[in-house]
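Student: I would like to see how this sequence folds:
(one chain, ligands or ions: 2)
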Amino acid sequence: MPKTAFLRPGRTVVDDPMASFGGLLREWLPRQRWFAGKDRPVTELGLLSMTELFPGCLHLLVQTGHAPVPAPGGGTPAGDCYQLLLGVRQHLSPRLGRALIGRAEQGPYAGMTVYDALHDPRSAHLLLERLRQPGAAGPLRFERDPAAVVPAGLPPRLLDAEQSNSSLVYGDEYILKLFRRVQPGINPDLEVPGALAGQGCRRVPAPVAWFRTTCPQEATLGVLQPYLRDASDGWALALRALSTGDDFTAQALQLGRATADVHLALASAFPTGPHDESARTAAAMAERLDSAARCVPALKPFVPGLLGAFGALVACDPGPPAQRIHGDLHLGQVLRAGREWFVIDFEGEPSKPLAERRTAQSPVRDVAGMLRSFDYAARQRRPWRPEWARRCREAFCAGYASRAGWDPRKKHGLLRAYETDRAVYEVLYEARHRPDWLPVPMAAIERLAVRGD
Ligand SMILES: Nc1ncnc2c1ncn2[C@@H]1O[C@H](COP(=O)(O)OP(=O)(O)O)[C@@H](O)[C@H]1O
Ligand SMILES: O=P(O)(O)O[C@H]1O[C@H](CO)[C@@H](O[C@H]2O[C@H](CO)[C@@H](O)[C@H](O)[C@H]2O)[C@H](O)[C@H]1O
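Tutor: Numbering: from 1, shown residues only. Ligands and ions are numbered 1, 2, ... in the order given. Next comes the predicted model:
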């Protein structure tokens, strides 16, 4: 196998590895669930860095490029940086068949089989070993909480979930999340749980080890944290309750309390700011709506009604002070283990720039996210169960109010604005990732635009 080294951007390499991988990855990337640019064909793929992590396993950061949109004023869509772990072998054993990316035809790896190494237990094992022993590999830095003791030899398994990233579970003890779309700066999914652990907040699993890159820019690549075994996520529990007819309001009430606990800890751990309800926030929401309506024309008839909801942001009583928030709170981001709710995945909405996700924002945004999620769950049942959603939403708000010192139910105008903004995001998300689900947020759009309740 050709010897590979870390490639500095801009350095001329005689044997360009992308001559081997470029074509294969251009085909493979857009088919991955975590690929964010599904609405933009990948026309170029550049290599930002490549590091041989261990023999037969390459760590790559690649940059996508997209063709200009032909429509007048269409511009060129922005590309993204993705993290890949590629296995390179002569032959792939049949048990790794679903990890296959393809066979390199040319370049330094000509004739070799290329595959997604996260599926390979050997690579997953060696990755944990790297995290257990802090140090550097090319531009990669492996670091850990000095107090944490992670045992060796925990058997890995790759989570099969529909995810924005990829996660490996080790022996039901730890979970390692590898960020697929990488943005410069510290990822809030490392920053926030680390800061909350410092506050003694037990509702968020604390980071145990992590790795980052220093090139081409500083960026977080992965986080290892304790795995909550026997936990069920809120989405699965809500759907189960809906199908058995069990009450879910007690859980929703506790979830409201847990959310408020996390908000209080966040407000202590990070700077807070004046309330976020301003003409600027309303304008940002209107802009997001405008660009969503350009991508999803079904939104267009509702635009005037939805703009009315944003206008209320400036007219109504201000909400609680701005603070760091979760940013993408829904039933899939909360886990129930034992009798407690835990909150995970502090990345925020994956499509927003990282710097924006790290700003202080209104906690109403998170409340609205969870309220939307009860509506999503209720719409999984036929006939639709609006009463179920209404009761859960009420209970969640009551639980939240009992801890937070303010009651979301008394902030109707604010909630409507943030719920509308969230539903617009969901329309875009579903159009890009799961078009079959589009009617779910569209039903909310209709309700919010027409009836406003
Ligand atoms: N600490 C944890 N304990 C148990 N399961 C977890 C933990 N963290 C994540 N998971 C599981 O992994 C799934 C994906 O995690 P998440 O952080 O939401 O990743 P993504 O950003 O890819 O959506 C969750 O839905 C949950 O089932
Ligand atoms: O992958 P993430 O969990 O970071 O979040 C993204 O995917 C979610 C879907 O998996 C999406 O959530 C939407 O669908 C959920 C049901 O599958 C529902 O509970 C949420 O309320 C709804 O927003 C989320 O928006 C997206 O960022």
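Student: and the longest strand along the chain, which strands flank it?
Tutor: The longest strand of the chain (DSSP state E) is strand 42-54. Next to strand 42-54 in the sheet, as set by DSSP bridges, lie strand 57-66 (antiparallel).
Student: helices and strands around the helix or strand just after the partner strand, which ones?
Tutor: Note on strand 57-66: by DSSP states H and E, the next helix or strand toward the C-terminus is strand 81-89. When contacts are defined as 3 or more C-beta pairs under 8 Å, 6 or more residues apart in numbering; DSSP states H and E, strand 81-89 sits against strand 57-66, strand 113-116, helix 121-132, strand 181-182. All C-beta atoms are positioned from the backbone trio N, CA, C, and that covers glycine.
Student: of those, which is nearest ligand 1?
Tutor: For ligand 1, the closest of the helices and strands packed on strand 81-89 is strand 181-182, at 10.1 Å, according to C-beta to the nearest ligand atom.
Student: okay but H433 is in contact with R33, surely?
Tutor: Yes: the pair H433 and R33 qualifies as a contact (C-beta atoms under 8 Å) at a distance of 7.5 Å.
Student: what about the helices in the protein?
Tutor: Along the chain, the stretches classed as helices by DSSP state H are 18-28, 121-132, 188-198, 234-244, 249-269, 279-295, 303-315, 354-357, 364-378, 386-404, 412-433, 439-446.
Student: out of those helices, deepest packed?
Tutor: Scoring those by mean neighbour count under mean count of other C-beta atoms under 10 Å gives helix 364-378 as the most buried, with a mean of 25.
Student: now check that one, is it near ligand 2?
Tutor: Yes: using C-beta under 6 Å from any ligand atom, helix 364-378 comes into contact with ligand 2 via R372, S373, Y376.
Student: this structure against ligand 1: which residues are in contact?
Tutor: 159, 161, 163-165, 167, 175, 177, 205, 225, 227-228, 231, 233, 332-333, 335, 344-345, 347.
Student: hmm, which of these are the buried ones?
Tutor: 164-165, 167, 175, 177, 205, 225, 227-228, 231, 233, 332-333, 335, 344-345, 347 (16 or more other C-beta atoms under 10 Å).
Student: what about ligand 2: which of those residues touch it?
Tutor: Among those, ligand 2 is touched by S164, G332, Q333, D345 when using C-beta under 6 Å from any ligand atom.
Student: quickly list the domain ranges of the chain.
Tutor: 4-226, 232-451 (automatic domain parsing).
Student: thinking again about what came up before, can I get the helices of the chain in JSON lines with mean pLDDT and distance to L45?
Tutor: Output for those, formatted as JSON lines (pLDDT from 0 to 100; distance: least, C-beta to C-beta, whole Å):
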{"stretch": "helix 18-28", "mean pLDDT": "95", "distance to L45": "5"}
{"stretch": "helix 121-132", "mean pLDDT": "96", "distance to L45": "22"}
{"stretch": "helix 188-198", "mean pLDDT": "97", "distance to L45": "26"}
{"stretch": "helix 234-244", "mean pLDDT": "97", "distance to L45": "34"}
{"stretch": "helix 249-269", "mean pLDDT": "98", "distance to L45": "37"}
{"stretch": "helix 279-295", "mean pLDDT": "94", "distance to L45": "23"}
{"stretch": "helix 303-315", "mean pLDDT": "90", "distance to L45": "36"}
{"stretch": "helix 354-357", "mean pLDDT": "92", "distance to L45": "22"}
{"stretch": "helix 364-378", "mean pLDDT": "98", "distance to L45": "33"}
{"stretch": "helix 386-404", "mean pLDDT": "97", "distance to L45": "43"}
{"stretch": "helix 412-433", "mean pLDDT": "94", "distance to L45": "20"}
{"stretch": "helix 439-446", "mean pLDDT": "97", "distance to L45": "32"}
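Student: adding distance to G97, write these out as CSV.
Tutor: Listed next are these as CSV, based on distance: least, C-beta to C-beta, whole Å:
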stretch, distance to G97
helix 18-28, 14
helix 121-132, 14
helix 188-198, 31
helix 234-244, 28
helix 249-269, 40
helix 279-295, 35
helix 303-315, 47
helix 354-357, 35
helix 364-378, 34
helix 386-404, 42
helix 412-433, 25
helix 439-446, 34
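Student: near ligand 2, which residues of this protein?
Tutor: 162-164, 235, 328, 330-333, 345, 349-350, 372-373, 376, 426, 429.
Student: from ligand 2, how far out is E191?
Tutor: Shown here: E191 relative to ligand 2, a distance of 16 Å by C-beta to the nearest ligand atom, to the nearest Å.
Student: can you give me the distance of that residue to ligand 1?
Tutor: For E191, the distance to ligand 1 (C-beta to the nearest ligand atom) stands at 14 Å.
Student: related to what we said a few turns ago, for D39, find the nearest of the helices of the chain.
Tutor: Closest to D39 of the helices of the chain, according to C-beta to C-beta: helix 412-433, at 5.7 Å.
Student: just checking, what packs against that closest one?
Tutor: Taking 3+ C-beta pairs under 8 Å, 6+ apart as the contact cut, helix 412-433 packs with helix 279-295, helix 303-315, helix 364-378, helix 439-446.
Student: in the longest strand of the chain, which residues are buried?
Tutor: V42, L45, L47, L48, S49, M50, T51, E52, L53.
Student: wait, the third one sits on P17?
Tutor: If I follow you right, that is L47. Yes: when contacts are counted by C-beta under 8 Å, L47 is listed as touching P17 (6.5 Å).
Student: of all the helices of the chain, which lies closest to A147?
Tutor: With C-beta to C-beta, the closest approach to A147 among the helices of the chain belongs to helix 188-198: 10.7 Å.
Student: neighbouring contacts of the closest one?
Tutor: 177, 179, 203-207, 210, 220, 223, 225, 262, 265-266, 269-270, 324, 327, 345-348, 354, 357-358 (C-beta atoms under 8 Å, 6 or more residues apart in numbering).
Student: mind doing that once more with 6 Å?
Tutor: Residues from elsewhere that reach helix 188-198 (C-beta atoms under 6 Å, 6 or more residues apart in numbering): 204, 206-207, 210, 220, 223, 265, 269, 346-348, 357-358.
Student: in strands only, show me these.
Tutor: W210, T220, V223.
Student: PyMOL command to pick out the buried ones of the residues you listed?
Tutor: If you want just the buried ones from the ones in strands among the contacts of helix 188-198 in PyMOL, going by 16+ other C-beta under 10 Å, the selection is:
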select buried, resi 210+220+223
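Student: mind listing what the residue of the stretch 101-250 of the chain found nearest ligand 2 touches?
Tutor: Nearest residue of the stretch 101-250 of the chain to ligand 2: S164, at 3.6 Å (C-beta to the nearest ligand atom). S164 sits next to W34, P350 when contact means C-beta under 6 Å, 6+ apart.
Student: how close does it get to Q333?
Tutor: 11 Å (C-beta to C-beta, to the nearest Å).
Student: what of H125?
Tutor: H125 is 28 Å from Q333, by C-beta to C-beta.
Student: then L264?
Tutor: 18 Å.
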